[in-house]
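> predicted model, plus sequence, below.
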Amino acid sequence: MSTETTTSVELLAQISSNSKVAHNKRESGDYISVSIGSPSEPIALSGNDGIKLAAGAETAFHHRIPLVIHLNSTGAPPDSGIEALYGWGSAAKQLTRCSGVIPTIICVHQAAVAGSALLLGLVDFVIMVKDSFTYVSGPRMVQEFTGVPVDQEALGGSGKHAQTSGVASFVASDSDSAIELIDELLSLIPQNSASLPIHVSSNDPTDRELNGIEGIIPQSATGSYDVRDILKEVFDDGLLTEIRKEWATNLVTSFATLGGHPVGVVANQPQSLAGTLNIAASQKGARFVSFCDAFNIPIITFVDTPGFQPGKDLEWRGMIRHGAQLAFAYAQATVPRICVTLRKSYGGAYIVMDSKYMGNDLSISWPSAEIAVMGAKGAVEILHRKANEDERSILEEEYENRLLNPYMAAERGSVDIVITPAETRRKVFAALQPLLTKREKLQKRLHANTPL
């Protein structure tokens, strides 16, 4: 530990006895840990606690090392006045400053209420212990405003935030499991935006053939399967660290390693909503792609989607704006990007799932892939409305043979290489190797205007 870091941590310790700041050393690198309240007892936090959190974030930013916050807060005391607002406003500003520069993690042990709850939306990853809860407005205020009674669990329990809001990146069974999750995350991501992920030891051969992997996908074009079964075959030791596993389940986002190199994985999940993209999936994918791009983590995308989920409610809620978030994140990403099309890739969803025209470095396809504006049935219904059932069957088969194959896409430059499923791991690893030194010169500007 350097003298400067020791001094800053000692000064932070004098600000408030309700919180602790530590400079932790581990095999994959150092990080700053800030504990607000104890894991077993939530407390009302003063402005000094907010100032201490801000100072801890500033220290982590200065030393370019990750920031981990352990939070157990019932919010600011009602009699704290402007002091608490100043403290928590300062914390929010410093966390925002850290965004995209150092990784930030918050672990909620029991409670994060009111102003402190808003901080969860500013960090990269949120871990909630199983019985914890977080909300901006509590049950009493909700009932007074809406007339509907609600308890803490239904309003802001870990289950709700894992499945419905997407606030929780992970739910841990207890505080010890949460610490293990933090260690796992920190081993897969770099110390800061200027460094590379640390190589992870693995004995899994990179030239391992994936015999029988094509059997995971059903013969039927609409058959369901779990895309994780394919991902576990491709990546080292079948290990996935899945982010927001229970939210927007039609898209899988995960960290994994390939030949020991940490990578970010994005994959359509045919097991949920047939793998279509909706608002939640677009937001989930965009946030993950943006994080990987900020911290030099290569992105490997697996595509099997029939398109965007149709629906009046989705359109009214802004499917256009939110769908654009995923396209925007991929188009901005400068890290190595490899796309593997497994089965279906239709229409607008083809474009936003890191298509060749979004700037990926390599577009790979299985022979089973269908890349087109839409499927054969939909196309025939539009082009040949007056055809009878027998005629439609013949026309659909002709459409499939003529257009729905990866070789037609390869002729037009949308696909770089068609491979057998068994060689997926070997080919993706071989493509990744030269891309690890990829660097792109960025246009000078303050920032882009992300579609929110």
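Here it is on my side, so go on.
> tell me which stretches of the stretch 201-350 of the chain form helices.
228-234, 279-294, 312-316, 319-332, 347-352 (DSSP state H, counting those that start in this stretch).
> out of the ones you listed, nearest to residue 425?
Nearest of the helices of the stretch 201-350 of the chain to residue 425, taken as C-beta to C-beta: helix 228-234 at 5.0 Å. Every C-beta, even on glycine, is put in place using the N, C-alpha and C of the backbone.
> buried sites along the closest one?
Buried residues in helix 228-234, counting neighbours by 16 or more other C-beta atoms under 10 Å, are found at 228, 230, 231, 233, 234.
> before we move on, what about stretch 30-48?
Buried residues in stretch 30-48, defined by neighbour count with 16+ other C-beta under 10 Å: 30-37, 39, 42-48.
> list the contacts for residue 409?
By C-beta atoms under 8 Å, 6 or more residues apart in numbering, the residues touching residue 409 are 365, 369, 371, 415.
> equivalent analysis for residue 280, please.
Residue 280 touches 166, 247, 248, counting by C-beta under 8 Å, 6+ apart.
> next structured bit after the strand or helix carrying residue 49?
In this assignment (DSSP states H and E), residue 49 forms part of helix 47-63. Downstream of helix 47-63, the first helix or strand assigned by DSSP H and E is strand 67-73.
> what packs against the helix holding residue 49?
Counting contacts by 3 or more C-beta pairs under 8 Å, 6 or more residues apart in numbering; DSSP states H and E, helix 47-63 packs against helix 3-13, strand 19-24, strand 31-36, strand 67-73, helix 82-98.
> and that helix with strand 31-36, angle?
If you take axes from the mean of the first three to the mean of the last three C-alpha atoms, to 10 degrees, helix 47-63 sits at 170 degrees to strand 31-36.
> circling back to that earlier point, including mean pLDDT, could the helices and strands packed on helix 47-63 go into TSV?
As requested, these are exported to TSV (pLDDT from 0 to 100):
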stretch	mean pLDDT
helix 3-13	43
strand 19-24	72
strand 31-36	90
strand 67-73	92
helix 82-98	87
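> highest mean neighbour count out of the ones you listed?
Mean neighbours per residue, mean count of other C-beta atoms under 10 Å, is largest over these for strand 67-73, with a mean of 26.
> so what secondary structure elements neighbour that strand?
Helices and strands touching strand 67-73, by 3+ C-beta pairs under 8 Å, 6+ apart, are strand 31-36, helix 47-63, strand 104-113.
> the shortest one pairs with which strands, and in what direction?
Using DSSP bridges, the neighbouring strands of strand 31-36 in the sheet come out as strand 19-24 (antiparallel), strand 67-73 (parallel).
> restrict it to CA atoms and write it as CSV.
This file holds the C-alpha atoms of strand 31-36, laid out as CSV (Å, rounded to 0.1, in the frame of the first residue of the first chain):
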residue,chain,number,x,y,z
TYR,A,31,-9.7,-2.0,-4.8
ILE,A,32,-11.3,0.5,-2.4
SER,A,33,-14.0,-0.8,-0.1
VAL,A,34,-16.5,1.6,1.5
SER,A,35,-18.9,0.1,4.2
ILE,A,36,-21.9,2.3,5.1
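> what lies in contact with that strand?
Contacts of strand 31-36 (C-beta under 8 Å, 6+ apart): 18-24, 45, 49, 52-53, 56-57, 59-60, 63, 65-73, 116, 186, 191.
> residue contacts, residue 243?
Applying C-beta under 8 Å, 6+ apart, we find residue 243 in contact with 125, 169, 170, 253, 254, 255, 288.
> and what of residue 365?
Residues near residue 365 by C-beta under 8 Å, 6+ apart: 340, 341, 371, 406, 409, 410, 415, 417, 418, 419.
> same deal with residue 266?
The contact partners of residue 266, taken as C-beta under 8 Å, 6+ apart, are 251, 252, 253, 285, 288, 289, 299, 300, 301, 302, 353, 354.
> residue 361 touches residue 337, doesn't it?
Yes - using C-beta atoms under 8 Å, residue 361 makes contact with residue 337 at a distance of 5.3 Å.
> for these two, indicate the residue with more neighbours.
residue 337 (25 against 19; other C-beta atoms under 10 Å).
> just want the most central residue of the protein.
residue 288 (3.0 Å; C-alpha atoms, centre = their mean).
> identify the residue nearest that one in space, chain neighbours excluded?
In space, and not counting its chain neighbours, residue 288 is closest to residue 253: 4.1 Å by C-beta to C-beta, 6 or more residues apart in numbering.
> that neighbour against residue 244, yeah?
Yes - contact criterion C-beta under 8 Å: residue 253 and residue 244 qualify, at 6.5 Å.
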